[in-house]
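Novice: quick check, what structure comes out for this input:
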Amino acid sequence: MNYQDIPRLNGTLRAKSIQMPEAIWKAKGMVVLGRRIKSCIFTTDIAIIRNTNADAVLAVYPFTPQQIINTTIIHTASIPVFCGVGGGTTQGMRTALIAKDAEADGAYGVVVNSPMKNDNIEMIKRVLDIPIIATVVNENTDIDARLKAGTSILNVSNAAQTPTLVRHIRKDYPSVPIIATGGPTDDTIRETIEAGANTISYTPPGLDDIFSAMMVKYREEAAKVESPEEKEMILEEMLELL
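Specialist: Numbers count the residues shown, from 1 in each chain. Below is the predicted model of the structure:
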């Protein structure tokens, strides 16, 4: 069946949700704890997480990990969450404790950033029963050492060179599960899938961009009304729907 032939049902209020690019559906995906995952939305914004059709959340942020952040995202999301637990500034026993708390809260996996040491990954592995996802940013990463330390999934992120890096990894590791950034277009997403990525991570537009587009539409609708009173009433009604 062609993807365009699949019946699609939606509601009036939920029609504005962030939809994953159609090209991601061509990915094979990976099955994590019984859930098939083809797409991960890369965000920690709860409003976006509650309004997307992504298969999972990649909740990684550029600050030291905090249990309350991971807990809030996991409990708010209706889809699996992969939580960042450190790797740069945050390492050592703290990462293992944060990872253990994330698992207890219901995370489907934990993400360690590229600077994370392999002995730290081994420590986390000893206390977890969920996958460890290690971020790979260049070809210099010792993939074999990462996997031996306890990594289950690779998260490949190398900007425009991501497909090249995925192909490089696939030459020696044909079956290791790979999440990879898909880039901004259907063409870059397809290239990343063809390179060997199982799952695509997608960065959504920011709320400021979404609001900006909506307000342009609201102003255009208001401009069609001649009465100032009617304009004000329509704007108030539209803002109440946000």
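Novice: tally of neighbours for the closest residue in space to Ser152 that isn't next to it in sequence?
Specialist: Distances taken as CB to CB, 6 or more residues apart in numbering place Pro131 nearest to Ser152, at 3.7 Å, with adjacent residues excluded. The way it works is simple: take the backbone N, C-alpha and C, and place the C-beta from them, glycine included. A count of neighbours around Pro131, defined by other CB atoms under 10 Å, yields 21.
Novice: where along this protein do the strands fall?
Specialist: 30-32, 35-37, 39-42, 56-59, 81-86, 109-112, 132-136, 153-156, 178-181, 199-202 (DSSP state E).
Novice: with mean neighbour count and distance to Met123 added, can I get those strands in JSON lines?
Specialist: Output for the strands of the chain, formatted as JSON lines (neighbours: other CB atoms under 10 Å; distance: least, CB to CB, whole Å):
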{"stretch": "strand 30-32", "mean neighbour count": "17", "distance to Met123": "22"}
{"stretch": "strand 35-37", "mean neighbour count": "17", "distance to Met123": "26"}
{"stretch": "strand 39-42", "mean neighbour count": "24", "distance to Met123": "25"}
{"stretch": "strand 56-59", "mean neighbour count": "26", "distance to Met123": "21"}
{"stretch": "strand 81-86", "mean neighbour count": "28", "distance to Met123": "11"}
{"stretch": "strand 109-112", "mean neighbour count": "28", "distance to Met123": "11"}
{"stretch": "strand 132-136", "mean neighbour count": "24", "distance to Met123": "11"}
{"stretch": "strand 153-156", "mean neighbour count": "25", "distance to Met123": "18"}
{"stretch": "strand 178-181", "mean neighbour count": "26", "distance to Met123": "23"}
{"stretch": "strand 199-202", "mean neighbour count": "26", "distance to Met123": "26"}
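Novice: select, out of these, the one closest to Gln67.
Specialist: Gln67 lies closest to strand 81-86 among the strands of the chain, at 9.6 Å (CB to CB).
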